[in-house]
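okay, sequence plus prediction incoming.
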Amino acid sequence: MNRNFKPGDLAIVVASTQIPEIVSMCVELLVRVERDERIDFEGYRWFSVNSPVAWVVRGRGILCMTAAGDIVDRNGLSMIGEHRLMPLRGDFAPERQQDQQDQQEPQSKYELLDDLEAGMDVRGLPV
């Protein structure tokens, strides 16, 4: 599935068989890596052998598996297969869209009055 990711997008890690503790972490996508492609990024060599497309990502506390199978902290960098990421934008963020729609709908005069009364003393004002 093509999720139209681009560098700078945010995503949630939804699966990881090798490092389960990173599931549900929020990450920023940095560099897209195709299968068998090798890149150098921030002092490390990255390559994807298991996923058709993977991303070098940055996230607070995220861990990385080395080619030797060791799980290490690479200063918040890791590589994750695209199929294990869920985007945090567009159609994949329905709550945010609903919040935006709710903010655009006009309030009734009674809701506005309730908001006013909750935030200030309106005794003595004609309604």
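Right, received. Where do you want to start? Residues are numbered from 1 along each chain as shown.

report the strands that pair with the longest strand seen in the chain, each with its relative direction.
Longest strand in the chain by number of residues, with DSSP state E as the criterion: strand 26-34. Its sheet considered, strand 26-34 pairs with strand 10-13 (antiparallel), strand 53-58 (antiparallel) by DSSP bridges.

and the closest residue to Asn75 other than its chain neighbours, how many neighbours?
Distance criterion CB to CB, 6 or more residues apart in numbering; nearest residue to Asn75, sequence neighbours excluded, is Glu42 at 7.6 Å. Placement of C-beta: from N, CA and C, glycine included. Glu42 has 13 neighbours, counted by other CB atoms under 10 Å.

shouldn't Glu42 be in contact with Ser78?
No - judged on CB atoms under 8 Å, Glu42 makes no contact with Ser78 at a distance of 11.7 Å.

follow-up on the earlier one: return the most buried member of the strands paired with strand 26-34.
strand 53-58 (a mean of 22; mean count of other CB atoms under 10 Å).

can you list the strands that the helix or strand that comes right after it pairs with?
Downstream of strand 53-58, the first helix or strand assigned by DSSP states H and E is strand 64-65. Here strand 64-65 has these sheet partners by DSSP bridges: strand 71-72 (antiparallel).

what mean pLDDT does the helix or strand following the partner strand get?
Later in the chain than strand 71-72, the nearest helix or strand by DSSP H and E is strand 77-81. Averaged over strand 77-81, pLDDT sits at 95.

give me the helices and strands touching the helix or strand following strand 77-81, please.
Later in the chain than strand 77-81, the nearest helix or strand by DSSP H and E is strand 85-87. Judged by 3 or more CB pairs under 8 Å, 6 or more residues apart in numbering; DSSP states H and E, strand 85-87 is in contact with strand 10-13.
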